[in-house]
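>>> pasted the sequence and its predicted model underneath.
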Amino acid sequence: MTWLDEQASGATPLLRTVGLRPELAPLLDEFLAATWAATADPLTLELCRLRIAQIHGDRGQLALRQEPALAAGLTEEHVAALDDYLTSAVFTAHQRHCLAYAEQYVIDVHGITDADAAAVKQEMSDDQYVAFTVALGLFDGLGRMRLALGVDERGNGSVPVSPAH
């Protein structure tokens, strides 16, 4: 929770904070929904979202699970193996490529090579690849913004981690 979100209305702490600029909140909400709707693989996208949260040290985001990813088979075994995604048998080769791409995106976007992009695109159409890359930018940018503003998204309508997951 940030002191900022107490000043505006919205469904989540992030939307309450952004709600201080009322013209932006509905746009962000729509963009987030469209991002998740555009993916053909919500499990891999959620793994990348969580890896980005790990890199940022964003415990609030690490405590959430997106419903589409849970429905697609996300387990806590996946989450526990994220630190070792390059060697863990939990992940497919494509998931490893996507996670490496996401990590490189956050650390140094200029370091993404044509080979990195080709490995990710191997199991995606061009429009899915664009949607995936846009989603990474959104997760990275919003993560940085949440951390800078002290916004804790736990309880935002996503599924919090529980022993049942």
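On my side now, so go ahead. Numbering: from 1, shown residues only.
>>> skipping adjacent residues, who's closest to residue 66 in space?
Excluding the flanking residues, the one nearest residue 66 by C-beta to C-beta, 6 or more residues apart in numbering is residue 46, at 5.1 Å. Placement of C-beta: from N, CA and C, glycine included.
>>> list the residues that contact the one you found.
Residues near residue 46 by C-beta atoms under 8 Å, 6 or more residues apart in numbering: 65, 66, 68, 69, 72, 74.
>>> which helix of the chain spans the most residues?
Counting residues, the longest helix found in the chain (DSSP state H) is helix 126-149.
>>> residues near residue 27, how many?
Neighbours of residue 27 under the rule other C-beta atoms under 10 Å: 11.
>>> what's whatever helix or strand it lives in packed up against?
In this structure, residue 27 sits in helix 25-37 according to DSSP states H and E. The helices and strands touching helix 25-37, judged by 3 or more C-beta pairs under 8 Å, 6 or more residues apart in numbering; DSSP states H and E, are helix 13-18, helix 126-149.
>>> and the next helix or strand after that helix with helix 25-37, angle?
Sequence-wise, the next helix or strand downstream of helix 25-37 (DSSP H and E) is helix 42-56. Per axes from the mean of the first three to the mean of the last three C-alpha atoms, to 10 degrees, the angle that helix 42-56 makes with helix 25-37 is 120 degrees.
>>> what are the buried residues along the next helix or strand after helix 42-56?
Going down the chain from helix 42-56, the next helix or strand is helix 59-62, by DSSP H and E. The neighbour-count check on helix 59-62 (16 or more other C-beta atoms under 10 Å) flags 60, 61, 62 as buried.
>>> and the residues you listed, which is closest to residue 37?
Distance ranking of the buried residues of helix 59-62 against residue 37, using C-beta to C-beta, places residue 61 first at 19.7 Å.
>>> pLDDT value on the closest one, please?
Residue 61 carries a pLDDT value of 89.
>>> tell me the centre residue of the chain?
residue 49 (2.4 Å; C-alpha atoms, centre = their mean).
>>> excluding chain neighbours, what is closest to that residue?
residue 139 (4.9 Å).
>>> next: residue 145.
residue 151 (7.5 Å).
>>> surely that neighbour forms part of a strand?
No - according to DSSP: H, G, I helix; E, B strand; the rest coil, residue 151 belongs to no strand; its state is coil.
>>> for it, grab phi and psi.
phi -90, psi 120 (degrees, to the nearest 10).
>>> go on, residue 65?
Torsion angles, degrees, to the nearest 10, at residue 65: phi -130, psi 130.
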